[in-house]
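Q: what's the 3D shape of this:
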Amino acid sequence: MNNIITIDGPGGSGKSTISRMLAERINFLYLDTGAMYRAVALAATREKIDLTDGKKLGGLCKSLDLHFNTDVEPPRLLLGDEDISMAIRGPEMDMLSSEVSAVREVREAMVSLQRKMAKGAKIIAEGRDMGSVVFPEAGHKFFLTASHEVRAERRYRERLERGESVSRGIVEAELRKRDHQDESRSISPLRPAEDAILIDSTDLNPEAVVEKILDLMIVDC
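A: Alright, predicted model coming up:
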């Protein structure tokens, strides 16, 4: 499955930016799976569904018309005809997406949809369990990480750029909570695939990480 590259990692590791840049460099499609879980959280909130009700959440997932518009940059996530790309990016959706991603029925539905989206395509799948669970036979697997301080600073700056008024301390606390939820969940916990290449981006800018990944792919081939 050399047509699939997985890039996993915790929040603030740079995986979204790097995945988009890499996809553009090598002309692959970018699959933002984290956005898909955020979309489920958004839809569940709108429908006032209890996030512990696996049966209802599973039914919701099967009814959702989720798709990416890749004709624009950056790609947009659509729910039906509605562009929800901005609506899913608030801190509330960040935490709620972690909650729904721990629900078995949600996980099963999203994994099935992600594999369907990837069928016959050249993709870079970015998320938290792409290499370990969704695409275990991917041709190239990477797991990005960085120090907690650097990841918190990146998230803090991202939120300021979106016009949010938030303290760095709150961002750091929310990031620690999200890390704990992702790492401790019983279904598809955040962890590197056994054959993934780990890259610490603490002291690297996105361009340097992309170059490192390209170099590693050449060596691996």
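Q: CA atoms of the helix ranked longest in the chain as PDB?
A: Within the chain, and with DSSP state H defining each element, the longest helix by residue count is helix 168-184. These are the backbone C-alpha positions of helix 168-184, laid out as PDB (Å, rounded to 0.1, in the frame of the first residue of the first chain):
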ATOM      1  CA  ARG A 168      -1.700  30.100  27.400                       C
ATOM      2  CA  GLY A 169      -2.300  28.300  30.800                       C
ATOM      3  CA  ILE A 170      -5.800  27.300  29.700                       C
ATOM      4  CA  VAL A 171      -4.500  26.000  26.400                       C
ATOM      5  CA  GLU A 172      -1.800  24.000  28.100                       C
ATOM      6  CA  ALA A 173      -4.300  22.500  30.600                       C
ATOM      7  CA  GLU A 174      -6.700  21.600  27.800                       C
ATOM      8  CA  LEU A 175      -3.900  19.900  25.800                       C
ATOM      9  CA  ARG A 176      -2.900  17.800  28.800                       C
ATOM     10  CA  LYS A 177      -6.500  16.700  29.200                       C
ATOM     11  CA  ARG A 178      -6.800  15.800  25.500                       C
ATOM     12  CA  ASP A 179      -3.600  13.900  25.600                       C
ATOM     13  CA  HIS A 180      -4.800  11.900  28.600                       C
ATOM     14  CA  GLN A 181      -8.100  11.100  27.000                       C
ATOM     15  CA  ASP A 182      -6.500  10.000  23.800                       C
ATOM     16  CA  GLU A 183      -3.800   7.900  25.400                       C
ATOM     17  CA  SER A 184      -6.000   6.200  28.000                       C
END
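Q: and the helix or strand just after that helix, which strands flank it?
A: Sequence-wise, the next helix or strand downstream of helix 168-184 (DSSP states H and E) is strand 197-200. With DSSP bridges as the test, strand 197-200 is paired with strand 140-145 (parallel).
Q: what about the partner strand, average pLDDT?
A: Per-residue pLDDT values over strand 140-145 give a mean of 97.
Q: flag every buried residue along the very next helix or strand once past it.
A: Tracing the chain C-terminally past strand 140-145 and defining elements by DSSP H and E, one meets helix 148-161 next. Applying a neighbour-count criterion of 16 or more other Cβ atoms under 10 Å, the buried positions in helix 148-161 are Val150, Arg151, Ala152, Glu153, Arg154, Arg155, Tyr156, Glu158, Arg159. Quick note: C-beta positions are derived from backbone N, CA and C, even for glycine.
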